[in-house]
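Engineer: Only the shape, not the letters, is given here:
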């Protein structure tokens, strides 16, 4: 009887230790619904919330990127640059052609998929995740570090670390400036 009780005690203690270790080492995931406010802030800073915006024309209503496939958007971006324009940024989140191409490759996204609102939101979330959203929710990045990482992705967001907090990470390049304040 003592042997059985001792064995049960060992199992309970070991189970408790395994559970405690699991709880200590588990990582929190980010609920995609929690991105809504951040997506809205980025969209305000980058495109005035226009899914059909392009560099230099946030109010665009004539070119419907949301009706194009990703492949068509990439071709448009290439032609836009070939015409002498300074940036290929398009859509609600002003994604440039090299970033779009990289996302397609990294996440095996078909160029035949539509560059519609849902796809643009999906791509922006992938970029947010790449900039450390999961590390942030697991307290591995401070809010300032995460915000700084995002400012490297979106020039319309202010940097909060380093020289001239409040300026765009890309301030001084002649193209970009922060369009929201640090407090937003």
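Structural biologist: Arrived safely, thanks for sending. Here the structure is a predicted model, which means the values were calculated and not measured.

Engineer: tell me, what residue is most central in the protein?
Structural biologist: Centroid-nearest residue in the chain: residue 128, 1.9 Å away (criterion: Cα atoms, centre = their mean).

Engineer: Just to be sure, that one is in a strand?
Structural biologist: No. Counting by DSSP: H, G, I helix; E, B strand; the rest coil, residue 128 is not part of a strand but helix.

Engineer: which intervals of the chain have sub-threshold pLDDT?
Structural biologist: Along the chain, the model assigns pLDDT under 70 to residues 1-30, 32, 166-184.

Engineer: that older thread, contact partners for the residue nearest to the centre of the chain?
Structural biologist: Counting by Cβ atoms under 8 Å, 6 or more residues apart in numbering, residue 128 touches 35, 38, 39, 150, 153. For the C-beta atoms, the positions are set from N, CA and C on the backbone; glycine is no exception.

Engineer: Quick one: name whatever helix or strand follows the helix or strand hosting residue 46.
Structural biologist: Residue 46 is located in helix 36-47, with elements delineated by DSSP states H and E. Next in sequence after helix 36-47, counting helices and strands by DSSP H and E, comes helix 70-82.

Engineer: Residue 157 and residue 78, how far apart?
Structural biologist: 26 Å (Cβ to Cβ, to the nearest Å).

Engineer: meant to ask about residue 161
Structural biologist: Counting by Cβ to Cβ - residue 161 and residue 78 are separated by 34 Å.

Engineer: Same question for residue 146.
Structural biologist: Residue 146 is 32 Å from residue 78, by Cβ to Cβ.

Engineer: do the same with residue 88
Structural biologist: Residue 88 is 7 Å from residue 78, by Cβ to Cβ.

Engineer: for residue 165, same thing?
Structural biologist: The gap separating residue 165 from residue 78 is 35 Å, by Cβ to Cβ.

Engineer: which one of these two has more residues nearby?
Structural biologist: Higher neighbour count among residue 165 and residue 78: residue 165, with 15 against 12, using other Cβ atoms under 10 Å.

Engineer: and the more buried one, what are its bridge partners?
Structural biologist: Taking DSSP bridges, one obtains residue 167 as the residues bridged to residue 165.

Engineer: any idea which of the contacts of residue 128 is closest to residue 118?
Structural biologist: Of all the contacts of residue 128, residue 39 has the smallest distance to residue 118: 11.9 Å, by Cβ to Cβ.

Engineer: residues contacting the closest one?
Structural biologist: Taking Cβ under 8 Å, 6+ apart, we find residue 39 in contact with 93, 121, 124, 125, 128.
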